[in-house]
Every structure is written in C-alpha cells, then in structure tokens.
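Peer 1: Coordinates for the following, if possible.
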Amino acid sequence: MKTLYLDCGMGAAGDMLTAALLELLPDKEEFLRELNGLEIPGVTVSGEKIAKCGIQGMQVTVKVNGIEESEDMHDHVHEHAHDHNCEHTHDHDHNHIHEHGHIHDTSHEQAHVHHHVHSHHHHSGMHEIGHIVQDLPLSEKVKADILAVFSLIAEAESHVHGVPVKEIHFHEVGTMDAIADITAVCLLMDKLAPEKVIVSPVHVGSGHVRCAHGILPVPAPATAYILRDVPIYGGSIRGELCTPTGAALLKHFASEFGNMPVMKTDAIGYGMGKKDFDTVNCVRALLGETEETGDTIVELQCNLDDITSEAIGFAQEQFFEAGALDVYTIPVQMKKSRPGVLLTVMCREEDKETMLRLFFRNTTTLGVRENVSRRYKLSRTIRKVDTEFGEVRKKVASGYGVTREKYEYEDIARIAKEQEMNLEEVARRIDMQAGRKAED
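Peer 2: You can find the predicted model right below:
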C-alpha cells in the first residue's frame, strides 16, 4: 500500500508541509511553475535548498504582492504601528482574531490577539474564499480539500471566540498566504496520491505566548481545538510549533495518527521552518510501500437447540456491549433431527475470556469451539460532515487499491426518524448539499 508518513516532531505549519511534500516530487520546479500558474491573487511561491543542523532540505517562501509576510509587512498593511513584543519561536502562519471575529493569518513572530477594529481593511469570509478557490483551475477534488481545511480553521475560531462561522472573516493578506499554503499541500497530496497517510504524534511546543495584550497558552486555542482526539505533546521547546493551518492540514489528510509503520521508503523530504533550534526544525515526509497487514481474530461457536429466540437476542446484545466484532446465527440441523442455530461470536484475542463467560452465562451450551483466523481489512477512518440536519459521521475505508465511503447508519437513521424520510432520501439530500457547496 502506498503510504505517506509525516514526522511532526517539530510541529507543523503550512509552509513546512508544502516543502516536505515538494521534496518528494521528481520535478520540483515544474510544480512551482504550476502552482504560480494558478494565479492566486497577488501570490508567488518559491523554494530553495537550505541546510539546518547539517541536514539539507527545502524551504518554501510565500510572497503577497511581492513581499514576504513579516512584522514589517504587518505594519505596512495596517498603515499604523502595533506594539509587537510577542515572544514566538517560528515564522509560520498563525490566526489572529480581531474583536469583531476577524482572522488575521500572520507569521508566528507577530502572532497575537488584536483588540482593534480595522474597518478600512478588506476581509474575506468563507463565502469569498470559496469564490477565490472555485476560480482556480483545479480539479473539484482539490478544491473540496482546500475548502474543507479552511472550514476546520473557521470552525475552530468560531468555537474559541464564540462567533458564528458565517461571521468569521480572514484578513486579506493572511487569506492569500493561507490559500497558497493550503492549495499547495492539497495539490501535492493529489499528485502524490498516497492510499494511507500516517501522522506521528504532533509536537505542539510548550509554555505561553506573551503579547502586549496578554498571554496565550501553547498550543493556541484554535490549534488545540483542531487537534482534539489527536495525540499531541509539549516537550522542552518553549513556544508554538504547530499552527492552526498546519493542524487543519494534518487533521484533514491523516488516515491515522501513530508511530512510523514498517515500510520500504521510495522518497524522503525535509520541509524546513524559518527558525533555528538545537533540534532540526523541519517536517519530515517519507513516501513508500507498506505491506497489507491484517490482525488475528478469534471465532467462538456453539450449537443450540434448547434456547428461546428472546434469549439468543439478549445474548447477542451482551456480546456486542462487551466488544465483540460481530455476532450472528445460522440455522442448522442438529442430532435427532432437531432444528437449531449455530451461534458465532468474533472477537479479539484479548476479549476471548470475557466472551466465553458470556456464552456460558447467557446460553444453554455446554461447550464452545474456537477457531483462530487471520483477518485482512481496509483502513477505516471517520470524517464529520456538516449538513442541514447537523453533523453526520462518514466512514471512509481504503486499501488494496479501493476507497469506499458510507454515512454512519445511526446518524442517518436518527435524521430519517426526525424528518420522516427514508434512509436513501437522507443520504441523497446530504450528497446534494455537498454538491452545492462545491459549486458555490
């Protein structure tokens, strides 16, 4: 299976992920020409080889209207000076919120919460961003990925600041910088086309970010919200290592988070950050092949001819509640021509003793047979989809060259009951809504 492993031992930001993935392509200059050829308004992207801690890698620079985003650029854009005495560790993008819910995506060195209203600056909401993205000459899949990543960021900022998503606005300059980073990563992922993306536990940094207007914890609140349910850690490095943009990209593309699998690597990329530490400041990307591995399951069975259907149903419920992978019955003809059922429970090895106790407690059997089987399965992840009916979970299974998607039955069934619709109608409505969003 074609697998991409992202080592985020020094966090992640949009430019670092772009650089790491760019290193995996055979023709880097061609990709940069293609990216700049999209003509994202005012944006140019370049890359150069640099060395940190004796390791050579790629560093990507995004310029908006010919200027790399920096503290000086920040002052120029706002046309008056701010008090920039924040203590940060990276030069990567970070989301700033104005009091009226505006997001200003700037570098780590000047990331802070503003308490000024700048009505004379243009800001873009998700609707405007959607139009910018839809005008880019990209496939619908890549466009959908870009908008999904932006939605994760907007949702996080909405939650943190108590502002509805539709009122979240991105500052014009920060928007173009973020669109460049997110577009680059989404396009690179489409070109590399890994079947599985595994991300290491994410190093988010530690301590606090001290600003003129107060102190923010690390990870930043928006980053922490995006990375919920993701393994993260602090460590000894003081400062912010993972940005909201980096977090959203990881969350969107990761099939799973964990340690590096056994794999044969074909290409390795180092995406360098702008700051220097004792540890090399980079995201490392490894692309290669992993074997289609399975796991071992235990199959427990017994024949029953002296038990009621109610008791069998109750026993099945007990097995599932205890963690059984599957429980089913098959009609069988038993000795003395008695009709009966074959009760089968599939479980993990560590759950076998629990299942055996349930067999003898809830059925009339005097013995249980065991078969040990090797199981091969598709990798499964759960994605959350925002719909007119609320949040719906979608199961995505991939591997062995196939990908399958299906809405979670419990979510669809709940909506069907509430709306007096059938399951197919609910799924069709959700798909139609997703299609309209992609067109807007």
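Peer 1: switch to C-alpha atoms for all contacts and neighbour counts from now on
Peer 2: OK.
Peer 1: how near is the residue nearest the centre of the chain to R375?
Peer 2: Centroid-nearest residue in the chain: K251, 1.7 Å away (criterion: C-alpha atoms, centre = their mean). Separation of K251 from R375 (C-alpha to C-alpha, to the nearest Å) stands at 28 Å.
Peer 1: Check I153 too.
Peer 2: Counting by C-alpha to C-alpha - I153 and R375 are separated by 38 Å.
Peer 1: quick one, which of the two is more surrounded?
Peer 2: Between I153 and R375, I153 has the larger neighbour count (other C-alpha atoms under 10 Å), namely 26 against 11.
Peer 1: elements contacting the one helix or strand that one maps to?
Peer 2: For I153, the enclosing helix or strand under DSSP states H and E is helix 140-161. Contact analysis of helix 140-161 by 3 or more C-alpha pairs under 8 Å, 6 or more residues apart in numbering; DSSP states H and E lists helix 126-134, helix 172-192, helix 221-226, helix 244-253, helix 423-439 as its packing neighbours.
Peer 1: Take the ones you listed and write them to JSON lines, including mean pLDDT.
Peer 2: Putting these into JSON lines (pLDDT from 0 to 100) gives the following:
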{"stretch": "helix 126-134", "mean pLDDT": "85"}
{"stretch": "helix 172-192", "mean pLDDT": "86"}
{"stretch": "helix 221-226", "mean pLDDT": "92"}
{"stretch": "helix 244-253", "mean pLDDT": "94"}
{"stretch": "helix 423-439", "mean pLDDT": "80"}
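Peer 1: mind giving me a markdown table with these and columns for distance to V345?
Peer 2: Listed next are the helices and strands packed on helix 140-161 as a markdown table, based on distance: least, C-alpha to C-alpha, whole Å:
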| stretch | distance to V345 |
| --- | --- |
| helix 126-134 | 48 |
| helix 172-192 | 40 |
| helix 221-226 | 38 |
| helix 244-253 | 34 |
| helix 423-439 | 28 |
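Peer 1: tell me the contacts of L32?
Peer 2: Shown in contact with L32 (C-alpha atoms under 8 Å, 6 or more residues apart in numbering): V45, S46, G47.
Peer 1: Tell me the secondary structure at the second one.
Peer 2: Meaning S46. Taken by DSSP: H, G, I helix; E, B strand; the rest coil, the conformation at S46 corresponds to strand.
Peer 1: if we can go back for a sec, what sits up against the helix holding I153?
Peer 2: 101, 126, 130, 133-134, 163-165, 168, 179, 182-183, 186-187, 190, 221-223, 225-226, 244-245, 248-249, 252, 438.
Peer 1: Quick one: buried ones out of these?
Peer 2: Buried members of the contacts of helix 140-161, counted by 16 or more other C-alpha atoms under 10 Å: 101, 126, 130, 133-134, 163, 165, 168, 179, 182-183, 186-187, 221-223, 225-226, 244-245, 248-249, 252, 438.
Peer 1: Count residues in the vicinity of the residue lying closest to G9 once chain neighbours are set aside, would you?
Peer 2: Leaving out its chain neighbours, the residue that sits closest to G9 by C-alpha to C-alpha, 6 or more residues apart in numbering is H203, at 5.3 Å. When neighbours are defined as other C-alpha under 10 Å, H203 has 22 of them.
Peer 1: Test my guess that H203 contacts G11.
Peer 2: Yes: between H203 and G11 there is a contact under C-alpha atoms under 8 Å: 4.7 Å.
Peer 1: per-residue pLDDT, Y376?
Peer 2: Here the pLDDT value assigned to Y376 is 83.
Peer 1: so how many other residues sit close to it?
Peer 2: The local packing of Y376 (other C-alpha under 10 Å) involves 11 other residues.
Peer 1: E388 too?
Peer 2: E388: 9 neighbours (other C-alpha under 10 Å).
Peer 1: check contacts around it.
Peer 2: So E388 contacts I430, Q433 (C-alpha under 8 Å, 6+ apart).
Peer 1: swap in D306?
Peer 2: G340, T364.
Peer 1: where's it, which helix or strand?
Peer 2: Take DSSP H and E as the rule and D306 turns out to sit in neither a helix nor a strand.
Peer 1: And it, its phi and psi?
Peer 2: Backbone torsions of D306, given as degrees, to the nearest 10, read phi -140, psi 40.
Peer 1: Check D229 too.
Peer 2: phi 70, psi 10.
Peer 1: and stretch 199-211, how far from the chain's centre?
Peer 2: Distance of stretch 199-211 from the chain centroid (C-alpha atoms, centre = their mean, to the nearest Å) equals 17 Å.
Peer 1: can you list contacts of that stretch?
Peer 2: In contact with stretch 199-211 (C-alpha under 8 Å, 6+ apart) are residues 5-12, 84-88, 112-113, 215-219, 230-242, 250, 254, 256-260.
Peer 1: tally of neighbours for I198?
Peer 2: I198: 22 surrounding residues under other C-alpha under 10 Å.
Peer 1: Listing request: residues of the stretch 151-300 of the chain with sub-threshold pLDDT.
Peer 2: Across the stretch 151-300 of the chain, the ranges flagged by pLDDT under 70 are 169-174, 210-214, 292-294.
Peer 1: Got the domain ranges for this structure?
Peer 2: Using automatic domain parsing, the domain parsing of the chain gives 2-289, 295-375, 379-439.
Peer 1: So which of those is the most surrounded?
Peer 2: Ranked by mean neighbour count under mean count of other C-alpha atoms under 10 Å, these are led by domain 2-289, which reaches a mean of 19.
Peer 1: how far does it stretch from start to finish?
Peer 2: Chord length of domain 2-289, first to last residue, is 5 Å (C-alpha to C-alpha).
Peer 1: try stretch 230-240
Peer 2: End-to-end span of stretch 230-240 (C-alpha to C-alpha): 17 Å.
Peer 1: picking up where we left off before, so what's the residue nearest to the centre of the chain up against?
Peer 2: Neighbouring residues of K251 by C-alpha under 8 Å, 6+ apart: I226, L227.
Peer 1: Using PDB, write out every CA atom in stretch 137-150.
Peer 2: Output in PDB follows, covering the C-alpha atoms of stretch 137-150 (Å, rounded to 0.1, in the frame of the first residue of the first chain):
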ATOM      1  CA  PRO A 137      -8.000  26.000 -12.400                       C
ATOM      2  CA  LEU A 138      -8.000  22.900 -10.200                       C
ATOM      3  CA  SER A 139      -9.900  19.600 -10.000                       C
ATOM      4  CA  GLU A 140     -13.100  19.500  -8.000                       C
ATOM      5  CA  LYS A 141     -11.400  17.100  -5.500                       C
ATOM      6  CA  VAL A 142      -8.600  19.500  -4.800                       C
ATOM      7  CA  LYS A 143     -11.000  22.400  -4.400                       C
ATOM      8  CA  ALA A 144     -13.100  20.400  -2.000                       C
ATOM      9  CA  ASP A 145     -10.000  19.600   0.100                       C
ATOM     10  CA  ILE A 146      -8.900  23.200   0.200                       C
ATOM     11  CA  LEU A 147     -12.400  24.400   1.400                       C
ATOM     12  CA  ALA A 148     -12.600  21.500   3.900                       C
ATOM     13  CA  VAL A 149      -9.300  22.600   5.500                       C
ATOM     14  CA  PHE A 150     -10.400  26.300   5.700                       C
END
